[in-house]
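Asker: Sequence first, then the predicted structure:
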Amino acid sequence: MKKFNFLVIGGAGFIGSNMVDFLINEGHNVTIIDNLSTGKLSNINLNAKFIKLDINSEEFSFDDFDYVIHMAAIPNVQQSIDDPLLSHQNNFQTTLKILSGCINTNVKKIVFSSTSAIYGNPKKFPTNEELESNPMSPYALDKLSSENYLKLYSELYGIKSVCLRYFNVFGERMTNEGAYKSVISVFKEQKENNTPLTITNDGNQRRDFIYVKDVVVANYLSCINDTGNFNLFNVGYGENISVNEIASYFNHPSSYIGYRIEPFETLCDNTKIKTLLGWEPTLSVKEWLNK
C-alpha cells in the first residue's frame, strides 16, 4: 500500500487523536498540529510528529502533505452563542487560513469536519445533504460559511475538498471538559460523583449518535477515493434516541434544569456516503452504552 503524508489539524482532540491512531495503524506518515486549547498531550500518538501551533496566528507550510484533515474547532453551540467572536475566530477564520495556505502546494485534498447543526430544525427526516441549511447558532453558521469557502476555493484555485457533516459523535476519549461536552460523558461523571443527571428542556429531544471510529473511517475514505473537486456527506448512524432514553441507561436519579436553544431532533440520511464511498456505521450508541 502506498504511504501518504497526512496533516491532522486538531490531532490532539477527541476525534482528531482517534484519526491519527487510525492513520498510523494504516502505515501512513502523520503530522499533528494542535494548539492544545481543547486537545490533550496524553491523546497524542508517539509515532506521529507533533507541532504545537496556533494556525490562526502563526505561519506554517503545507507543501509536504498529500492530505489535510481539518478537525480544529471549538464545537460548542452554547459557547458560540455566548461568545460569537471566539467562535468565528476558531471555527471559520482557521478554515480560511488553512485554505489560503494550501494554494499552490502539493496538497491533494482537504477534508473538513463540518456539522449537522447547519440544518437547524430540519423540515424533513431523515435529513439528506440537499436539505436547506438553517443555522441556529454562530457555531453552525461558521461551519456553513467554511463549507462555502471550501467550495469556492475548489472552483477558484483547484483545491479539492470534502465536507463531512457529523451528527453527535461519541466514543473513546470524549470528555466533558471544555468544548467537547457530550451528554453521555456528562451523565457518566455525574453518576460517578453521585449527583443527579442534569437534563435540559424536557429530555424528549432526539439525537442521531455516531461512533468516533466510524467518523474516522469516513474521513479516510473521503481522502483516498475520488470525490470530485468538491463534495459533502452526512456522517450519522441513521437512527436517533432521546436524551431521556440515554439517561435511563445510567439507572440514576435525574433532574431537569431549564431551557436551552437547540434543535429538537436530528436524524441522518446517510445514503450518499454509503453509496459513493462504501462507508457503513458499525456501532450504535445503544450497543456502546450497554457495553
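Answerer: Here it is on my side, so go on. Numbering: from 1, shown residues only.

Asker: Report pLDDT for the nearest residue to Ala117 once chain neighbours are set aside.
Answerer: Nearest non-adjacent residue to Ala117, counting by C-beta to C-beta, 6 or more residues apart in numbering: Ala140, 3.9 Å away. Any C-beta I mention is one placed from the backbone N, CA and C, and that applies to glycine too. We have a pLDDT of 96 for Ala140.

Asker: Equivalent analysis for Ser161, please.
Answerer: At Ser161, the predicted lDDT confidence score is 98.

Asker: Please look at it and Glu155 and confirm they touch.
Answerer: No: using C-beta atoms under 8 Å, Ser161 is not in contact with Glu155; the gap is 10.5 Å.

Asker: Compare these two (neighbour count), which wins?
Answerer: Neighbours were counted for Ser161 and for Glu155 using other C-beta atoms under 10 Å; Ser161 has more, 26 against 10.

Asker: about what we covered before: any residues in contact with both of Ser161 and Glu155?
Answerer: Taking C-beta atoms under 8 Å, 6 or more residues apart in numbering as the criterion, Ser161 and Glu155 both touch 229-230.

Asker: in stretch 105-122, what counts as buried?
Answerer: Neighbour-count burial for stretch 105-122 flags 107, 109-120, 122 (criterion: 16 or more other C-beta atoms under 10 Å).

Asker: With stretch 185-201 instead?
Answerer: Residues 185, 187-188, 190-191, 197, 199-200 are the ones in stretch 185-201 that count as buried (16+ other C-beta under 10 Å).

Asker: And for stretch 41-58?
Answerer: Those would be 43-45, 48, 50, 53-55, for stretch 41-58 by 16+ other C-beta under 10 Å.

Asker: SS state for the residue lying closest to Met1 once chain neighbours are set aside?
Answerer: Counting by C-beta to C-beta, 6+ apart, Met1 lies nearest to Gly27, which is 6.3 Å off, once chain neighbours are set aside. Classification of Gly27 by DSSP: H, G, I helix; E, B strand; the rest coil places it in coil.

Asker: quick thing: my sequence starts at 286, can you match it?
Answerer: From this message on, residue numbering opens at 286, which makes the last subject Gly312.

Asker: What is the neighbour count of Gly312?
Answerer: Applying other C-beta under 10 Å, we find 10 other residues in the vicinity of Gly312.

Asker: And Asn332, how close does it get to Leu308?
Answerer: 10 Å (C-beta to C-beta, to the nearest Å).

Asker: tell me, what's touching those two both at once?
Answerer: Val315.
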